[in-house]
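Peer 1: next input, structure requested:
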Amino acid sequence: MIPSMIISISFTILLTVVSLIFKVAGKLRLTIPLLYFLAAIISTFFTDWTSQNEPLVLIGLYILIGLVTLSWIFSLIKTIKNKLDTNEALTDFVQWQLKKARENNIPLDEITLDENGNMYNKTTGEQILF
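Peer 2: Residues are numbered from 1 along each chain as shown. The predicted model follows:
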């Protein structure tokens with residue numbers, strides 16, 4: 001009874017750890033290198049090719065990790081560009097609203113802006129639309 005319970009608990013813990021590893025790998029885009037690494041480890045039990053060509057196997061792993069790193073860099077650059085474009089658009093929108101407020105003779109000390117660039121009357125709290 002006890003040995004079967006220990007095996008069952010061990011198997012459950014092993015599957016939980018493997019599941020967590022694959023979830024983290026998926027979030028970090030490391031699923032393909034992880035699968036490659038696991039295939040290389042498992043293949044050492046069935047064939048001698050992996051152990052005889054270890055430098056070649058490691059080069060393949062390094063190439064996959066390098067490609068993942070490149071995808072991280074491209075995503076970071078894309079995120080920064082999107083953030084800058086969003087900030088520029090918000091700045092342009094706020095400047096346009098301030099220009100329209102001046103044209104309509106609305107005193108600038110009577111208006112306030114929220115984080116989205118929307119203009120409100122300070123005293124009434126109503127949104128000013130142009």
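
Peer 1: grab the longest helix from this structure for me.
Peer 2: As assigned by DSSP state H, the longest helix anywhere in the chain is helix 54-103.

Peer 1: which strands or helices does that helix pack on?
Peer 2: Judged by 3 or more CB pairs under 8 Å, 6 or more residues apart in numbering; DSSP states H and E, the packing partners of helix 54-103 are helix 31-46, strand 111-113. Glycine gets a C-beta too; all of them are placed from N, C-alpha and C.

Peer 1: what's the distance between the spatially closest residue to Leu98 that is not a sequence neighbour and Lys100?
Peer 2: In space, and not counting its chain neighbours, Leu98 is closest to Leu108: 7.1 Å by CB to CB, 6 or more residues apart in numbering. Relative to Lys100, Leu108 is positioned 12 Å away (CB to CB, to the nearest Å).

Peer 1: which one's more surrounded, those two?
Peer 2: Taking neighbours as other CB atoms under 10 Å, Leu108 and Lys100 compare with Lys100 leading, 14 against 9.

Peer 1: before we move on, what's the pLDDT of the more buried one?
Peer 2: Listed pLDDT for Lys100 reads 86.

Peer 1: would you confirm that it contacts Leu129?
Peer 2: No: contact between Lys100 and Leu129 fails when scored by CB atoms under 8 Å: they sit 9.6 Å apart.

Peer 1: mind checking how far Asp48 is from Glu54?
Peer 2: Taken as CB to CB, the span from Asp48 to Glu54 is 11 Å.

Peer 1: quick one, which of these two is more surrounded?
Peer 2: Higher neighbour count among Asp48 and Glu54: Glu54, with 12 against 9, using other CB under 10 Å.

Peer 1: for the helix or strand in which Ile21 is found, name the packing helices and strands.
Peer 2: For Ile21, the host element (DSSP states H and E) is helix 2-27. Counting contacts by 3+ CB pairs under 8 Å, 6+ apart, helix 2-27 is packed against helix 31-46.
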